[in-house]
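Trainee: need a 3D model of the sequence below.
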Amino acid sequence: MNYSNDHRKEIELVLDGEKLKNKEQLLKALKEGLCFPDYFGFNWDALQDCITDLSWLQGIVKVDVVIKNSSKLLNDEDDSSLQVFLEIMDYAVSFWNSEVKDSLPLPGMDISFRYSLE
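Mentor: Numbering: from 1, shown residues only. Sure, this is the predicted structure:
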């Protein structure tokens, strides 16, 4: 995992799919890399809740999640796990790039969020 937070207030979280072959490994890496709170529940619902909140990342304006060796990602899980993960990530991109977030109590949260699979 590679995590950088520079003076431009950007986070680039680079994960290696080769090391994230199951749900537990993936959720742990995301929790650590995006500094999810201690109450994170290590399940898909908790991931969606946290990835569309990010209020603990005060001052961050850009979040990029890059997964290298993505063909190996969640290989020890059934196909539905990968599909659920991708749906959550797609939802997060849509959420952070929509006007819906502006109506929520997320003061000062104007985050550009994206992810890529390599």
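Trainee: host element of Ser80?
Mentor: Using DSSP states H and E, Ser80 sits within helix 79-96.
Trainee: what comes up buried for the next helix or strand after that helix?
Mentor: Tracing the chain past helix 79-96, the next element assigned as helix or strand by DSSP H and E is strand 112-117. Residues of strand 112-117 classed as buried by neighbour count (16 or more other Cβ atoms under 10 Å): 113, 115. C-beta: built from backbone N, CA, C; applies to glycine.
Trainee: what's strand 112-117 packed up against?
Mentor: strand 62-68, helix 79-96 (3 or more Cβ pairs under 8 Å, 6 or more residues apart in numbering; DSSP states H and E).
Trainee: redo the ones you listed as TSV? Include mean pLDDT, distance to Phe36 and mean neighbour count.
Mentor: Below are the helices and strands packed on strand 112-117 laid out as TSV (pLDDT from 0 to 100; distance: least, Cβ to Cβ, whole Å; neighbours: other Cβ atoms under 10 Å):
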stretch	mean pLDDT	distance to Phe36	mean neighbour count
strand 62-68	95	12	18
helix 79-96	95	13	15
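Trainee: JSON lines for those, including distance to Phe42?
Mentor: Formatted as JSON lines, the entries for those read as follows, by distance: least, Cβ to Cβ, whole Å:
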{"stretch": "strand 62-68", "distance to Phe42": "17"}
{"stretch": "helix 79-96", "distance to Phe42": "13"}
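Trainee: so which of these is nearest Glu24?
Mentor: When these are ranked by proximity to Glu24, the top entry is helix 79-96, at 10.9 Å, counting by Cβ to Cβ.
Trainee: quick one: residues in contact with the closest one.
Mentor: Residues from elsewhere that reach helix 79-96, judged by Cβ atoms under 8 Å, 6 or more residues apart in numbering: 23, 26, 44, 47-48, 51-52, 63, 65, 73-74, 101, 111-115.
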